[in-house]
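S.K.: sequence first, then the predicted structure, then my questions.
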Amino acid sequence: MSSDLLTTVKSLIPHIPFGDANYLSALLLVPVPILLAHLIPYLRDSYNQRRIPGPFLARFSDLWIGWVASQGHRSDVVHQLHNKYGTFVRLAPNHVSIADPDALQIVYAHGNGSLKSDFYDAFVSIHRGLFNTRDRADHARKRKIVSAVFSQKNVLEFEPSIRLYVSQFMNQWDRLYDKALKNQSGDDGEGGWFGKDGHLWLDCLPWYNYLAFDIIGDLAFGSPFGMILNAKDSAPVAVSQKDVMNSYGSNNDAVFVHIPAVQILNDRGEFSASMGVIPPSWRPWVRMLPWYRKGGKAVKNLAGLAVAAVAKRFNSPTDRVDLLSKLQEGRDDEGNLMGREELTAEALTQLIAGSDTTSNSSCAITYYLAANPRVQEKLQKELDDALGSEDEYVSTYEQVKRLPYLEAVINEALRLHSTSSIGLPRIAPEGGLTVRGIHFPQGAILSVPSYTIHRDKKSWGEDADAFRPERWFERDNATLQKGFNPFSYGPRACVGRNLASMELLIIISSILRRYHFVLADPAKVFDTREGFLRKPLECRPASRLRRAVVPTLTNGLAPCQVRTMASPSSTVTSESASQFPQQPTTTNTTQNLNGNDEQGMNIFGMDNSPPLVAAFLGIGLFTVAMTVVFAWRRLGRGRLLVQPVRQAARTAKKPVVLGEKPALWDVWTRRAEGVGVGVGLGVTIDMCTGWENITPFSATMFCPTEPATSAKESDVESRTCLTARPRNLPRSSSSVLSAIRQYVRPAPPATPTSTSTAESPVYELGDMPVRSGSGDLSLTEGASLVVSFTIAMPRRRDKAVVAASETLDRDQVPMPEVLYDMDLDLELGEYCIGSMEVPCGKSKDG
Ligand code: HEM
């Protein structure tokens, strides 16, 4: 990310008029308010956090945690900080991490009133789903519907599907295994496996992902993605999400493209987790940085995945019982069903929450078993004793639900790997929360990191860092459960826990009964990367079939060995591995950080030295200053800053001069004449109560595939070639108009043809003639564009939602570089601000 940022900054430097005194003076002034904005909250200490120790930068700025989150090892870093500072660590100006199992109850439990923080806003797409709904009443309504879907009774109905895909999974492994034996030399391109020394060598992680996606695809949407059978990470995505969503059940011609879903899910997790720790007001700006833009795209693509899957399900109705059918039936207290968007968002939530959580955990369990031959053999013995005489290829839930060692193995791996490792941020409710005698007032953000809680020596013993399932039988169960937090606590705890537990029991027992794993390289660390979830990067063991245990097989081999990606500690020998393995110890920083976090720790961690702090502050301030400058320019408000740029633009290219009439404003204000102007999705202006309720929301430009010969809009075959979705009209209109300049050059004749009618008056838009009609502006002579605007009415929630979801479709289209274009014609921006920001009643026009 840093190289992307560097490239962006470099590309912008030539456009900065350093020679201009106005510009420079303004630039020098910018850090002052920024410094004050950081210093004042620190001095006011509204959330009683000043006395909490933590990295120096974290006391003043969210940049520290933003940076750490983007580096992919947040839990490791926070854990190191707790080792250094103790129970309380300040992670941001208003965010305290508390490493105390007792705090789980205080911060997360039912009835304490804490809510999810704005961290979760970064995870919203389409519509808020159960996971990212923050409002208590809204959440309670959804939770009531969804938790009924995941009751133990309902979950048992899903068992046949789970077993089906586990058997497909093992069939594929058996097939690859046979091929591997025949062709010892190797990989034929089906998922990176190869045969060597009588073993099948493969990366388990993608396979566990295929399995989890197919299971959840089937459970949530009624059909799998087909990843196991195709041995490929690929799933369809709706190109036009809004259209597809609006025509559920009736559109068989919708266009879909295939994307690597697992990859997109990873990108989305990293993006949202690091965007979530950035203050909301910064997010639109940060979103423009290259790394974040990619992540933003992943969020949209992932939404398209759910849209496609729901559409497929509705287009081929079935009587099957799945999550979607249950969600469709689910009613809230008032008997209301979910709307399309909410239903899709909920299905997406299940897809996200129920896929890589399970696959990462399965992968980690496999790894820990491969790294601990003694535990693996003990588990296999338990499975053989319990199931040895059974002919079933895949275990049933009934067979394995009460196998104590299996349960202990799974719990131990969930404890150590903790796919949900980070402290989940909650806002202290009215009256505040008190932890260990420290009172945090209402509004303070608190979190308890599972990663650190799961390594607490008081709860887990001196060997808390080791993988040793026996501890689950040695210690008092209440103490263990108190500090065991893989599924979180309270009203926001995992709603799919029953399903996840059943999946893990069936997957691990079936696979371990059939295969035996050994580590390829016990010296290699178990490498992970963390976004919202902590994910293994690969799991590459070798496996052999266990003939004696699976009598129906004809080609099994003797007990075997596996290789895998990662063994936790580089000093562990294979002998010691067979005793007590190998989890990174908390005392060795570099090991714990898997070799990747040195930078994060040295610069941004607890040891941040003054020169490094100064360097960081300098870079940070410069970046923020540049962001503010661009923001100012784009909004057209920074007259001082804008001036030289405007001059440069004037000399560089011919500016587009707007005509007399504020065309866009007039089109909209025709409402005053009683004309209902249809805009965008069909939101009509005459539905509004007044102009003060209307906020321009987005602007879309359509380009015809053929040059238009007629002024009539209906004759113009259009395709969207640009959507600008800024936060307000000025940006949208200036972006669109700038793009118009790009697309229509050379400009069409200045005189319009006689297409003007009473209903469709002709306005001058720059030196291009335009016609208005139904809220659209289209060029007449030599027409090549139609511009339409969408509005949102924030005070009319329903309409705002309609407009918001509309933008999801349009955002498929890449934003033009014009947003970064220093030569953007600012006159247009200013003009539109002048017209559009004036609310009704105060407008000079209206
Ligand atoms: C090993 C597997 C799993 C683990 C470790 C896990 C863990 C968690 C955790 C820690 C949370 C709380 C997140 C937060 O507060 O930010 C959560 C929430 C959630 N999980 Fe899971 N989960 C797993 C599997 C599943 C499955 C299979 C489903 C459904 C198909 C699911 C659905 C959900 C949903 C919908 C929520 C949000 C609940 C709410 O906010 O009310 N999870 N999960």
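M.R.: That came through fine.

S.K.: host element of the nearest residue to Pro404 once chain neighbours are set aside?
M.R.: Once flanking residues are discounted, Pro404 sits nearest to Phe473: 7.3 Å by CB to CB, 6 or more residues apart in numbering. All C-beta atoms are positioned from the backbone trio N, CA, C, and that covers glycine. Using DSSP states H and E, Phe473 falls within helix 471-474.

S.K.: for the helix or strand that that helix is followed by, give the mean pLDDT please.
M.R.: Counting by DSSP H and E, the next helix or strand C-terminal to helix 471-474 is helix 477-482. Mean pLDDT, computed over helix 477-482, is 89.

S.K.: ditto for stretch 308-326
M.R.: pLDDT averaged over stretch 308-326 gives 78.

S.K.: you'd agree Glu392 is up against Val400?
M.R.: No - contact criterion CB atoms under 8 Å: Glu392 and Val400 do not qualify, at 10.5 Å.

S.K.: which of those two has more residues huddled nearby?
M.R.: A direct count of neighbours by other CB atoms under 10 Å for Glu392 and Val400 places Val400 higher, at 22 against 13.

S.K.: circling back: please verify my assumption that the residue nearest to Pro404 contacts Asn411.
M.R.: No - in this structure Phe473 lies outside contact range of Asn411 using CB under 8 Å: 11.1 Å.

S.K.: so between these two, which is more surrounded?
M.R.: The neighbour count for Phe473 versus Asn411, taken as other CB under 10 Å, is higher for Asn411 (20 against 10).

S.K.: list the contacts of the spatially closest residue to the more buried one that is not a sequence neighbour.
M.R.: Distances taken as CB to CB, 6+ apart put Trp472 closest to Asn411, at 5.9 Å, once the chain neighbours are dropped. Applying CB atoms under 8 Å, 6 or more residues apart in numbering to Trp472 gives the contacts 407-408, 411-412, 480.

S.K.: same question, Tyr42
M.R.: 50, 59-60, 93.

S.K.: and the ligand, which of the residues you listed contact it?
M.R.: Among these, no residue is within reach of the ligand (CB under 6 Å from any ligand atom).

S.K.: selection in PyMOL covering whichever of those residues are buried, please.
M.R.: To isolate the buried ones among these in PyMOL, judged by 16 or more other CB atoms under 10 Å, type:
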select buried, resi 59+60+93
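
S.K.: between the contacts of Tyr42, which sits nearest the ligand?
M.R.: When the contacts of Tyr42 are compared for distance to the ligand (CB to the nearest ligand atom), Pro93 wins out at 21.4 Å.

S.K.: got the end-to-end distance for stretch 105-125?
M.R.: One end of stretch 105-125 sits 30 Å from the other (CA to CA, to the nearest Å).

S.K.: list the buried residues of it.
M.R.: Of all the residues in stretch 105-125, those buried under the rule 16+ other CB under 10 Å are 105-108, 112, 114-125.

S.K.: so of the residues you listed, which ones are in strands?
M.R.: Among the buried residues of stretch 105-125, DSSP state E puts 115-116 in strands.

S.K.: tell me the mean pLDDT for stretch 416-423?
M.R.: 95.

S.K.: CA atoms of that stretch as CSV?
M.R.: Taking C-alpha atoms only, stretch 416-423 is exported to CSV below (Å, rounded to 0.1, in the frame of the first residue of the first chain):
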residue,chain,number,x,y,z
LEU,A,416,-5.1,-20.6,19.6
HIS,A,417,-6.0,-19.6,16.1
SER,A,418,-9.0,-17.4,16.9
THR,A,419,-10.2,-16.5,13.5
SER,A,420,-12.0,-13.7,15.2
SER,A,421,-9.1,-12.4,17.1
ILE,A,422,-9.4,-8.6,17.3
GLY,A,423,-11.2,-6.8,20.0
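
S.K.: what residues does it touch?
M.R.: Contact with stretch 416-423 is made by 74-75, 78, 91, 97-98, 273, 356-357, 360-361, 364-365, 368, 447-451, 454, 465, 467, 485-488, 530, 532-536, 583, as judged by CB under 8 Å, 6+ apart.

S.K.: up against the ligand, what does the protein have?
M.R.: 130-131, 143, 216, 349-350, 353-354, 357-358, 361, 419-420, 424, 486-488, 492, 494-496, 499-500.

S.K.: buried ones among those?
M.R.: 130-131, 216, 349-350, 353-354, 357-358, 361, 419-420, 424, 486-488, 492, 494-496, 499-500.

S.K.: just for the stretch 151-300 of the chain, where's the confidence low?
M.R.: The stretch 151-300 of the chain contains residues with pLDDT under 70 at 183-192, 249-254.

S.K.: please enumerate the strands of it.
M.R.: With DSSP state E, counting those that start in this stretch as the criterion, the stretch 151-300 of the chain has strands at 194-196, 199-201, 235-238, 256-259.
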